[in-house]
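# what follows is a predicted protein model with its sequence.
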Amino acid sequence: MNYTSRVSLGNTLAQRLKEFRGKGAIVVCLEESSLLTCLTIASQIHAYVYPLLFEPIYSQDSMHQPLGAYDQDGELCPIPGTHVSESDLTPEMRSMLKHLHGPAVETVMNEKQKFGMELDKSTLNGRDVILAVDILTSVIPVIVARKLLSEIAPKSVTAVAGNATLETAQLLRLTAARTEILDVISGITFDPNHYFEDRDGYSTDQQHTLTRNIASYWQ
């Protein structure tokens, strides 16, 4: 499904979340490309935005084979079935992950600085958590989100998405108590921007600033 813009998509998804309006919910943005969608949802339901920061890692043999990601704490979030968990690492895998760890964590820390805000996961405790994304074609953001959720005690977990692939849609449904996906992609996937007729009205830096400021706006 194609959309006019990320703002229009955010407004559509916000309509599915009206019961959270004014209740201090937190919209967890699963991918940076979805920030404008998440900001629009947050503005409609008077919520906060928590950017999920991570850096994907791929097999050194193939850039098309994702192994998982390092999260904002520099901890590994492996994709199930990739055999990169600590318990079954081969010496070669340990060496590869050690090589990938430093650059990946540095990238995440640089992204954290761009937002200029404290990303304390404990702020999600006791809150209605809304996992939100516009176009989801990789399981990695959901894997990272699942690790985050395992470390907190949210009041509820809801997931909303514009388009998602069959695999990511299934994982989202296993992650949240309630899931709203407008369309499931069953064929070829494209770059996220392909699904929007209009370009974003805000630059990435402006979206970072809006994410930081919206936290204080509803206080």
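Okay, I see it.
# which helices and strands sit right next to the helix or strand containing residue 111?
Assigning secondary structure by DSSP states H and E places residue 111 in helix 91-115. Counting by 3 or more Cβ pairs under 8 Å, 6 or more residues apart in numbering; DSSP states H and E, the packing neighbours recorded for helix 91-115 are strand 54-59, strand 62-71, helix 204-217. From N, CA and C alone the C-beta is placed, and that goes for glycine too.
# of these, which shows the lowest average pLDDT?
When mean pLDDT is averaged over each of those, strand 62-71 scores lowest at a mean of 80.
# ok, residues contacting that one?
Residues lying outside strand 62-71 but in contact with it, judged by Cβ atoms under 8 Å, 6 or more residues apart in numbering, are 53-59, 76-79, 82, 84, 100-101, 104-105, 108, 138, 140, 143-144, 147-148.
# and stretch 201-213, by the same measure?
With Cβ under 8 Å, 6+ apart as the contact definition, stretch 201-213 has outside contacts at 5, 7, 29, 32, 35-36, 39, 49, 51, 114-117, 200.
# what's the answer for stretch 2-22, then?
For stretch 2-22, with Cβ under 8 Å, 6+ apart as the criterion, the contacting residues are 25, 34, 36-41, 44-47, 128, 130, 132, 134, 158, 160-162, 180, 182, 195-198, 200-201.
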